[in-house]
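S.K.: Sequence and computational prediction follow.
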Amino acid sequence: MVTLAVMGVIVAATMSVLFSVYQQTGVVLNRRDVLGEGQIAMQQMTKQFRQATAINSSSATSLSVQTFTGPGDAPVQIAWQTSGSSAPYSLQKQTDGGPFTTVLTSLTSPDIFPAYVDTDLDGNVDQVRIELSLGTKTASVVLTSDVQMRNR
Amino acid sequence: MLTRLKRGEDGFALVTAVFILAIMSMLLIVVLEAGNNAFSVAERNSRFTRTLGVAEAGLDAAVTQLGEYRLSANPCHIDSTPPQVCTAAGGEYQTKWSTAVGGTVTVDAIGYYPTKAAAQVTRHIQAVYEPIPSFNYAVFSNTSVEIKNGEVVYGDVFANQGITVGAGAVVCGSVTSAGGDVISKNANIVKSYTDATGRICTGKTGNVWANGTIDLPPTGVIQGNATASAPAGTVCNPLSNNYAVLGGTVQGQATACGKITSATTNPMPGTWTAPSPPKTDASGISPPYTFDPANYTSITCIPSSNPCDPAQTSATAYQTFNALPKANMQGVYAVWQTNPSQSTQLDLTGLSIGGNLTIVSNAPIDFGNTSTISTSAPATVVLVSLYVPGGSTTCAANGGDCSIYGKNSILFDTGNVNDLDDGIAALMYTPGKCAFKNQTNAADGALYCGSMDIKNGFHIAYNSRIEQIVGFGSGGLEQILWKEISG
């Protein structure tokens, strides 16, 4: 009986630890995945907007530009937008007028382009702020990048 | 039996503990690995971003170097063998550049983190630069300008002294006199205009600015603003005829240090306005020109020297040039004459254009018997005479000691009058004197002379194709394109 009791306590404790660790592992992995997706999207957007030669349309939730995507000489149209009516919102990307494809689905705010700035006061927007508010299982993490558009 | 069973359970706690520890260790490894992975991603991003900074440092260094001297050696050329690198904060970079026709420079820069030899991150960027625009006026004179009767100028006019606009003349643009009066003889300074050929001019200011009096006849019209400024310290008097706006009609705002008699709304007499500064430098004309053979991809240098050196002159350079065929001429010619004078002028008789043409010389340039200058393709023609006649000599419509002279009606092929991209865009530039004798001279482009005498006018339509001509101005470059090739 004593043995069974001790075993029961040990098993309960073990299960508790295992469950807790499992949960924490899930939190960490979720955080890793969400942040990883966000960083990749941020990197793509930063690179594309940095080289943009023209802004086709812009709002707090979408931005369409002409930009270079490879070694070619001609800029192509690239658009990024958020979709959804409530959190989590999705981040979508469009290339050369094609269909929008979903890049990530964990945004807590649809306003990913909160600021467009004309830093040299020449009447043209030359800096855009990207703000990805990413919802993980436990918290919201905000990635921010101010991109200086080199061709404007 | 009971004893054996009891003895058989001995140590089960240790086994269980080891088992639990093993499981926990595995989970701990997973958690740590996940954390480590996040750190690695963040570190990789950081390196990636830092390497862009290194590559851009290379770009900046190259442009600074090119701005100082186009022929400067590249200490860390991308194609160097063995590889040579330059160091920037956080990494190393290599660069290379090439110059195209028109002075466009393409610079490539590759950034390496932490070093080229052990590169973990490489980013390759490319930027294209053009000379900073130097020519904004259709007509520029370091002294005075007279826009002759009936002449039509599409573009802005600037003179460091007074400007006279003849009867029936039209300036579709602005008129700025930095050091004198602007006198209009029944002329119009307008914002938009269409001439008899259908050439359309729109979107201009129609402003007149004088560091003196603006004097209009009763029928003279200024469609933009008229500003009669005065030197600093002038006591403005709203009843004075000095620094006044007199006669005619000013459709925009009229402001004068003196009085205003023009028909206008809301006049502001007795109001001091800072004058437009003169645009001049030691050579007597702005922008200054600096000959640098590295600005040109290929050059015919007379006499031959490599690199082409203006100090290497020849007493027969003009003869060598004049012997060249002038039909379908194109390319870059630099002619350096010993003791240049009117007897050593470059003769452009029979000139026709086969492509972009640049002629730079310290000798006078004469169009000879040329009248119409045709082209077989859209082309930019740049004629630069650095010849400055002596102060006691004269250069007038009938000739004399001129730097650039046209006896006949010099008519550059403008192509479709409303197409800025076809035909010839011509820039005639001299810090000396230029003169044209007969009427119906015409060109798309600009006329920049130290002084000018255009007897019967020169119909100039400013063409922005000549705003960036290599060799003029500060030599600075402005970026027109930036892109990442890889990374």
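M.R.: Ah, there it is. Because the structure is predicted, anything quoted here is derived from the model rather than measured.
S.K.: Name the SS class of B:Asp309, please.
M.R.: coil (DSSP: H, G, I helix; E, B strand; the rest coil).
S.K.: what number of residues lie near it?
M.R.: By the criterion of other Cβ atoms under 10 Å in any protein chain shown, B:Asp309 has 14 neighbours. The way it works is simple: take the backbone N, C-alpha and C, and place the C-beta from them, glycine included.
S.K.: Now do it, the pLDDT please.
M.R.: Looking at B:Asp309, its pLDDT is 93.
S.K.: Spell out for me which residue occupies the centre of chain B.
M.R.: By Cα atoms, centre = their mean, chain B has its centre lying nearest to B:Pro133, at 1.8 Å.
S.K.: so who does B:Ala274 touch?
M.R.: B:229, B:232 (Cβ atoms under 8 Å, 6 or more residues apart in numbering or on different chains).
S.K.: Relative to B:Pro231, how far out is it?
M.R.: 9 Å (Cβ to Cβ, to the nearest Å).
S.K.: Check B:Ile260 too.
M.R.: Counting by Cβ to Cβ - B:Ile260 and B:Pro231 are separated by 19 Å.
S.K.: So between these two, which is more surrounded?
M.R.: B:Ile260 (22 against 13).
S.K.: so that one touches B:Thr271, yeah?
M.R.: No: the criterion here is Cβ atoms under 8 Å, and B:Ile260 misses it with B:Thr271 at 9.5 Å.
S.K.: Could you point out which residue ranges in chain B have low pLDDT?
M.R.: B:1-10, B:13, B:31, B:34-35, B:38, B:101-102, B:281-284, B:455, B:487 (pLDDT under 70).
S.K.: Could I get the full set of helices for it?
M.R.: B:2-8, B:12-68, B:317-322 (DSSP state H).
S.K.: The residue of chain B found nearest chain A and B:Ala62: what is the separation?
M.R.: Closest approach between chain B and chain A, counting by Cβ to the nearest Cβ: B:Trp482, at 3.5 Å. Counting by Cβ to Cβ, the separation of B:Trp482 from B:Ala62 is 13 Å.
S.K.: Close to chain B: what parts of chain A are there?
M.R.: A:3, A:6-7, A:10, A:14, A:17-18, A:21-22, A:24-25, A:28-29, A:31-32, A:35-36, A:39, A:43, A:47, A:50-51, A:53, A:68, A:71, A:150-151 (Cβ under 8 Å from any Cβ of the partner chain).
S.K.: Enumerate every residue touching B:Val121.
M.R.: Counted by Cβ under 8 Å, 6+ apart, B:Val121 has contacts B:44, B:47-48, B:50-51, B:111-113, B:487.
S.K.: how much space is there between it and B:Gly53?
M.R.: Taking Cβ to Cβ, one finds B:Val121 at 11 Å from B:Gly53.
S.K.: list the residues that contact both of the two?
M.R.: In contact with both B:Val121 and B:Gly53: B:Gly111, using Cβ under 8 Å, 6+ apart.
S.K.: Might you report the residue contacts of the nearest residue to B:Ser371 once chain neighbours are set aside?
M.R.: What sits nearest to B:Ser371 in space, not counting adjacent residues and going by Cβ to Cβ, 6 or more residues apart in numbering or on different chains, is B:Asn408, at 4.1 Å. Residues counted as contacts of B:Asn408 (Cβ under 8 Å, 6+ apart) are B:367, B:369-371, B:437-438.
S.K.: isn't B:Ala159 right up against B:Ser177?
M.R.: Yes: B:Ala159 is within contact range of B:Ser177, at 5.4 Å (criterion: Cβ under 8 Å).
S.K.: Look up how far A:Thr108 lies from A:Ser86.
M.R.: 10 Å.
S.K.: Could you look up the SS state of the residue of chain A found nearest chain B?
M.R.: Residue of chain A nearest chain B, by Cβ to the nearest Cβ: A:Arg150 (3.5 Å). When classified by three-state DSSP, A:Arg150 comes out as coil.
S.K.: That one and A:Gln39: what is the separation?
M.R.: A:Arg150 is 21 Å from A:Gln39, by Cβ to Cβ.
S.K.: and residue 60, how many neighbours does it have?
M.R.: Looking at chain A here, since you left the chain open. 15.
S.K.: Chain B was what I was after
M.R.: 15.
S.K.: What segments of chain A are helices?
M.R.: A:2-50.
S.K.: residue closest to the middle of it?
M.R.: Chain A, centroid-nearest residue using Cα atoms, centre = their mean: A:Gly38 at 3.2 Å.
S.K.: I'd guessed that one sits against A:Leu134; true?
M.R.: Yes: checked against Cβ under 8 Å, the pair A:Gly38 and A:Leu134 is within contact range at 4.6 Å.
S.K.: I'd assumed B:Gly400 was in contact with B:Thr393.
M.R.: Yes: the pair B:Thr393 / B:Gly400 is scored as a contact, 6.5 Å apart, by Cβ under 8 Å.
S.K.: quick one, which of those two is more surrounded?
M.R.: Taking neighbours as other Cβ under 10 Å, B:Thr393 and B:Gly400 compare with B:Gly400 leading, 15 against 12.
S.K.: and the closest residue in space to the more buried one that isn't next to it in sequence, how many residues sit next to it?
M.R.: Counting by Cβ to Cβ, 6+ apart, B:Thr394 is the residue found nearest to B:Gly400 once chain neighbours are left out, at 4.6 Å. Using other Cβ under 10 Å, B:Thr394 is surrounded by 13 other residues.
S.K.: Please report how far B:Ile20 lies from A:Val11.
M.R.: B:Ile20 is 10 Å from A:Val11, by Cβ to Cβ.
S.K.: Same check on B:Ala230?
M.R.: 100 Å.
S.K.: now stretch B:119-133: how far from the chain's centre is it?
M.R.: Computed by Cα atoms, centre = their mean, to the nearest Å, the chain-centroid distance of stretch B:119-133 equals 21 Å.
S.K.: returning to what we had before: mean neighbour count, the helices of chain B: which tops it?
M.R.: Of all those, helix B:317-322 has the most neighbours on average by mean count of other Cβ atoms under 10 Å in any protein chain shown, namely a mean of 20.
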